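1. Sequence below, structure please.
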Amino acid sequence: MTTPSSNTQSNQQGSFGAVLQQARKNKQVSLEEVAAELFILKRHLQALESENFSELPQAAFARGFAINYAKFLGLDPVKIASSFDAAYPKELKAQLANNTDTPLRPMGTLQRDTHNRIRFNPLLIIGVIGLIILAIFLFRMVSNASKENNQEPTVAVEDISAVEQAQGAAINTNANGVGASGSALNLGGDANTDVAVLDVKLTDNAIISITDASGSNLMNGAQTTGDHKLSGMPPFNVQIDNVDNVSLMLNQEAVALDTYATDKQASFELAP
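-> Prediction:
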């Protein structure tokens, strides 16, 4: 017959938790030091020493903790693993076997963030938007510059009739041979012998109207003192007010305006 004292002694000898605790004390290390060295949570080390299996993770993980703990303390890991298997409650094994849909509990050595959140940096987003706007602005500047460079210069073409071209444009000019448009005229008369030249000289203000055979208006309205050189297709229709203030030459030949004058006014047709 076995006495209670002998049963207690037998249980103590087979208790892997007590063996782990005694070995740790003999090595003079704390649970905190063991946890830092083995990367096992302190509460799991305490659960191994007290054989509180409900506080441990699944059997495979808890068994691995016990083996690593034994190696650290210099114990035989095989004996500790065997003692752990013998002491592990059968009801916990059955519960784990039946509960196959339950996800694994995290190991004590793992530190997991259960809330995976994507965080956006506002400054980074603003910077990306700024770069996009700058790229669009530069692209538009380059496009506009390219369009401006590719545009061909427009050439101003004067609307001159065929008759005016044949007459040398028949433009009213001053004594220096410069027309109203500011361009000098070739008045040599070599290109077309039908074009005649009129020299109009005013000593005072007068009203003069001169048109040529093509209908071009060579001079019209109030004129001031000065010399004017005109060219056009004869005959010319001439109307002058204040004839005394005007002298006229056709192809370098003087025109007697007094023969056409009536009360200081003259209206006549002039041809070479």
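2. in the stretch 51-200 of the chain, what spans have low per-residue confidence?
-> For the stretch 51-200 of the chain, the stretches flagged by pLDDT under 70 are 96-118, 151-193.
3. All the strands of it, residue numbers only.
-> For the stretch 51-200 of the chain, applying DSSP state E, counting those that start in this stretch gives strands covering 173-174, 196-202.
4. In space, what's closest to Tyr69 - neighbours in sequence excluded?
-> Nearest-residue entry for Tyr69: Leu20, 5.7 Å, with adjacent residues in sequence omitted and distances by CB to CB, 6 or more residues apart in numbering. In short, each C-beta sits where N, CA and C put it, glycine included.
5. for the strand or helix carrying that neighbour, packing partners?
-> Here Leu20 sits within helix 16-27, counting by DSSP states H and E. If you count contacts as 3 or more CB pairs under 8 Å, 6 or more residues apart in numbering; DSSP states H and E, helix 16-27 packs onto helix 42-50, helix 59-73, helix 77-87.
6. Please convert these to CSV, extending it with mean neighbour count and distance to Ala196.
-> Formatted as CSV, the helices and strands packed on helix 16-27 follow (neighbours: other CB atoms under 10 Å; distance: least, CB to CB, whole Å):
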stretch, mean neighbour count, distance to Ala196
helix 42-50, 19, 125
helix 59-73, 19, 123
helix 77-87, 16, 132
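7. how about the helices in the stretch 151-272 of the chain?
-> In the stretch 151-272 of the chain, the helices defined using DSSP state H, counting those that start in this stretch lie at 162-166.
8. Chain neighbours aside, what residue packs nearest to Ser231?
-> Nearest in space to Ser231, with sequence neighbours left out and distances taken as CB to CB, 6+ apart, is Val197 at 5.0 Å.
9. Hmm, His228 and that neighbour touching each other?
-> No: the pair Val197 / His228 is not scored as a contact, 11.1 Å apart, by CB atoms under 8 Å.
10. What mean pLDDT does the helix holding Leu20 get?
-> What helix 16-27 shows for mean pLDDT is 94.
11. Show residues contacting that helix.
-> Helix 16-27 is contacted by residues 12, 31, 34, 48-51, 66, 69-70, 73-75, 79-80, 83-84, 87 when judged by CB atoms under 8 Å, 6 or more residues apart in numbering.
12. With stretch 265-272 instead?
-> In contact with stretch 265-272 (CB under 8 Å, 6+ apart) are residues 196, 198, 234-241, 243, 248, 250-251, 255, 257, 260.
13. List the buried residues for the host helix or strand of Ala36?
-> Using DSSP H and E, Ala36 sits within helix 31-38. Residues of helix 31-38 classed as buried: Leu31, Val34, Ala35, Leu38 (neighbour count, 16 or more other CB atoms under 10 Å).
14. returning to what we had before: could you check how far the residue nearest to Ser231 is from Leu48?
-> Separation of Val197 from Leu48 (CB to CB, to the nearest Å) stands at 129 Å.
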